[in-house]
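[1] whatever this is, show me its structure:
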Amino acid sequence: MRAAGAAWRDRWLVPEKYRTRDTARPEGGQRTAGGEAPAPIRQWPLLAVLGTTLLGLLVALSDFRIGLLIVGCALLGGGVLRGWLPAVGMLAVRSRFTDLLTYGVLGGAIVLFTLMAEPDPWLEVPILNDLLRFSAGG
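    I've put the predicted structure just below:
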């Protein structure tokens, strides 16, 4: 007699040979230190990025521009760590190329938009100003 919860397996629409049974660890997802080291030491790249991001969010409470620049630089630093170190632990989420692209684009966008933020932007990009005026209807 089968358990009631196992009946759904008979109704799967995906043939057995196409079902996912296991996933591969992302390249570079190994520990940065040996298994005998405490968890914070094994995951120091992730903790460095998260700590810098938290610092930036706390600074953003008093000065948003400086705080968000720190957050953007934390993501860019995560991309540098991902590309430079052979093993980054849990900072490796996808393939190395995808992680570098994601960290770089998001970190760069945060830095760019922070530099362009009103009032008194530190950076003015005319084509982006025109695009904003066009899309806002002004």
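[2] which SSE is the most centrally placed residue in the chain in?
    For the chain, residue 103 is the residue whose C-alpha lies nearest the centre (C-alpha atoms, centre = their mean; 5.4 Å). Assigned by DSSP states H and E, residue 103 belongs to helix 96-115.
[3] contacts for that helix next, please.
    Residues from elsewhere that reach helix 96-115, judged by C-beta atoms under 8 Å, 6 or more residues apart in numbering: 26-28, 65, 68-69, 71-79, 82-83, 91-94, 121-123. Every residue, glycine included, has its C-beta placed from N, CA and C.
[4] need the CA coordinates for that helix. PDB is fine.
    What follows is helix 96-115 as a C-alpha-only set of coordinates in PDB (Å, rounded to 0.1, in the frame of the first residue of the first chain):
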ATOM      1  CA  ARG A  96      31.600  32.900 -12.200                       C
ATOM      2  CA  PHE A  97      30.700  34.800 -15.300                       C
ATOM      3  CA  THR A  98      27.100  35.300 -14.200                       C
ATOM      4  CA  ASP A  99      28.100  36.400 -10.700                       C
ATOM      5  CA  LEU A 100      30.700  38.900 -12.000                       C
ATOM      6  CA  LEU A 101      28.100  40.300 -14.500                       C
ATOM      7  CA  THR A 102      25.400  40.500 -11.800                       C
ATOM      8  CA  TYR A 103      27.600  42.100  -9.100                       C
ATOM      9  CA  GLY A 104      29.100  44.500 -11.600                       C
ATOM     10  CA  VAL A 105      25.900  45.700 -13.200                       C
ATOM     11  CA  LEU A 106      24.000  46.100 -10.000                       C
ATOM     12  CA  GLY A 107      26.900  47.700  -8.200                       C
ATOM     13  CA  GLY A 108      27.600  50.000 -11.100                       C
ATOM     14  CA  ALA A 109      24.000  51.000 -11.400                       C
ATOM     15  CA  ILE A 110      23.700  51.800  -7.700                       C
ATOM     16  CA  VAL A 111      26.800  54.000  -7.900                       C
ATOM     17  CA  LEU A 112      25.700  55.700 -11.100                       C
ATOM     18  CA  PHE A 113      22.200  56.400  -9.900                       C
ATOM     19  CA  THR A 114      23.500  57.600  -6.600                       C
ATOM     20  CA  LEU A 115      25.800  60.100  -8.300                       C
END
